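Trainee: Let's see this in three dimensions:
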Amino acid sequence: MWKSFAREYLRFSRKERHGILMLALLMILTSYLPDLLFYFQRRPVTGSDDLKAAVTAFEAGLVAAEKEPALTGGRYVPTGADPGKAVLFYFDPNTLPASGWQQLGVSERTAATIGKYLARGGHFRVPADLGKIYGLPPALCAQLIPYVRIADKGGNRFSGRYEPRNGPGDKDYSGGWGRGAYYRGDSNVLYEGRKNKGYTYYQDSARDDASFTRYRKKPPAAPIDINTADSVAWQSLPGIGAGFARRIIAFRDRLGGFYAVEQVAECYGLPDSTFQKIQPFLQIGSSSLKKLDLNLTDEKSLAAHPYIRYKLARLIVQYRSSHAGFRAVSDLRSLPLVDEIIYRKIEHYIEIKY
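Mentor: Below you'll find the predicted structure:
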């Protein structure tokens, strides 16, 4: 057995032996080729004195920066500035000139950057926007934010007050009717607001619009005809927006109309909880359904129907070709893919014209 195996798989002709030898030589050559190239292309190693000098200068700069706040009484003053000239005062960053920024301790280059930002249409909306200025150190930004007073379009000063709060999240401090205050999100800006008629409205003059509504309530829903309702009528129902309204109408058009309210729940992506909310408002009028003729409709049109699709459409075309057409709608029961459930669904949308 082993001799026959050796004769079958281990015997090579002269040409095969030469090929194996050449392949082995190529494998050895390619494995050592990177080492050979590296050997002939070696470059001399230069000295590292320049690198060491750069590292030393960088470390000396870090040490000087760490000592700088202690020399300025806890305030941030940029390198080269006079600590006695850095004065903190209330300011509007949208109207402050370059000289005012320099009085606050901002370098001349950063002040010029802010001027270019405002000249190109930029605008500071909230005090925290100072942190977006390129070149403004975080330590200086933290000192300037409490002094920011931004005026809205009407000339009123920014209503937000930079104050710490106990915990994260929106917290309402109104304590009842009338004006109040609250913190928004994770910011430390205290916003003022007012309450009226059971709904809460907050005023934020840092926005382009001076006021906005946090909550919006839909008008009371009215019953609609699911076969004739347009997108606006669908959006009046609870839980239905523009997206679901488009999907339901598109599904209705592909079907040819609804014959039962429960068909709305078959719309793609519509949650069952949303359908339970809108079901009491759904009604079916006297409009007729769009039907397909089993003997005249082509395969593509049949396949476009959501209840028929491609496989069943192909079987319908094959059946009517071999049986000279359908004689009755009930002949669909003889097709392999049509069970009682599918037949009850599609019987409303098919007909035979004699």
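Trainee: which residues in the stretch 151-300 of the chain form strands?
Mentor: 161-162, 171-172, 178-183, 189-196, 199-203, 211-213, 224-225, 282-283, 292-293 (DSSP state E, counting those that start in this stretch).
Trainee: which of these has the lowest average pLDDT?
Mentor: Mean pLDDT is lowest for strand 199-203 among the strands of the stretch 151-300 of the chain, at a mean of 38.
Trainee: Tell me the pLDDT of the closest residue in space to Gly135 that isn't next to it in sequence.
Mentor: Excluding its sequence neighbours, the residue lying closest to Gly135 (C-beta to C-beta, 6 or more residues apart in numbering) is Thr110, at 4.3 Å. For every residue, glycine as well, the C-beta is placed using N, CA and C. As predicted, Thr110 sits at a pLDDT of 90.
Trainee: Show me which residues of the helix or strand encompassing Thr110 are buried.
Mentor: Thr110 belongs to helix 108-119 when elements are defined using DSSP states H and E. By neighbour count on 16 or more other C-beta atoms under 10 Å, the buried set for helix 108-119 is 110-111, 113-114, 117.
Trainee: tell me how far the ends of stretch 278-285 are from each other?
Mentor: Taking C-alpha to C-alpha, to the nearest Å, the first and last residues of stretch 278-285 lie 17 Å apart.
Trainee: that older thread, any chance of TSV for the buried residues of helix 108-119, columns distance to Ser286?
Mentor: Listed next are these as TSV, based on distance: C-beta to C-beta, whole Å:
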residue	distance to Ser286
Thr110	73
Ala111	74
Thr113	70
Ile114	69
Tyr117	64
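Trainee: and which of those residues is nearest to Asp272?
Mentor: Tyr117 (51.1 Å; C-beta to C-beta).
Trainee: Ile145 versus the nearest residue to that closest one once chain neighbours are set aside, what's the distance?
Mentor: The spatially closest residue to Tyr117, leaving aside those adjacent along the chain, is Ile133, at 7.2 Å (C-beta to C-beta, 6+ apart). Distance from Ile133 to Ile145, counting by C-beta to C-beta, to the nearest Å: 12 Å.
Trainee: quick one, what contacts the closest residue to Pro336 other than its chain neighbours?
Mentor: Closest residue to Pro336 in three dimensions, ignoring its sequence neighbours and counting by C-beta to C-beta, 6+ apart: Leu315, at 7.1 Å. Counting by C-beta atoms under 8 Å, 6 or more residues apart in numbering, Leu315 touches 335-337.
Trainee: Neighbour-wise, which one of those leads?
Mentor: In terms of neighbours by other C-beta atoms under 10 Å, these top out with Leu335 at 15 neighbours.
Trainee: I'd assumed Tyr319 was in contact with it.
Mentor: Yes: taking contacts as C-beta atoms under 8 Å, Leu335 lies within contact range of Tyr319: 6.3 Å.
Trainee: ok so the residue nearest to Pro336 is a strand residue?
Mentor: No: secondary structure of Leu315 (DSSP: H, G, I helix; E, B strand; the rest coil): helix, not part of a strand.
Trainee: Could you report the pLDDT at it?
Mentor: 92.
Trainee: what pLDDT, on average, does the one helix or strand Ala24 maps to get?
Mentor: Per DSSP H and E: Ala24 is located in helix 14-40. For helix 14-40, mean pLDDT is 87.
Trainee: How about stretch 328-337?
Mentor: On average, stretch 328-337 scores 89.
Trainee: now it, how far from the centre of its chain.
Mentor: Chain-centre distance of stretch 328-337: 47 Å, with C-alpha atoms, centre = their mean, to the nearest Å.
Trainee: Can you name every helix or strand that the helix holding Thr110 contacts?
Mentor: Packing contacts for helix 108-119, counted by 3 or more C-beta pairs under 8 Å, 6 or more residues apart in numbering; DSSP states H and E, involve helix 98-103.
Trainee: who touches the helix holding Thr110?
Mentor: By C-beta under 8 Å, 6+ apart, helix 108-119 touches 93-94, 98, 101-102, 106, 133-136.
Trainee: CA atoms of it as CSV?
Mentor: C-alpha atoms of helix 108-119 as CSV (Å, rounded to 0.1, in the frame of the first residue of the first chain):
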residue,chain,number,x,y,z
GLU,A,108,-2.9,90.6,20.6
ARG,A,109,-2.9,87.7,18.1
THR,A,110,-5.9,86.0,19.7
ALA,A,111,-7.7,89.4,19.8
ALA,A,112,-7.1,89.7,16.1
THR,A,113,-8.5,86.2,15.6
ILE,A,114,-11.7,87.1,17.4
GLY,A,115,-12.0,90.3,15.3
LYS,A,116,-11.8,88.3,12.1
TYR,A,117,-14.4,85.8,13.4
LEU,A,118,-16.9,88.6,14.1
ALA,A,119,-16.1,90.4,10.8
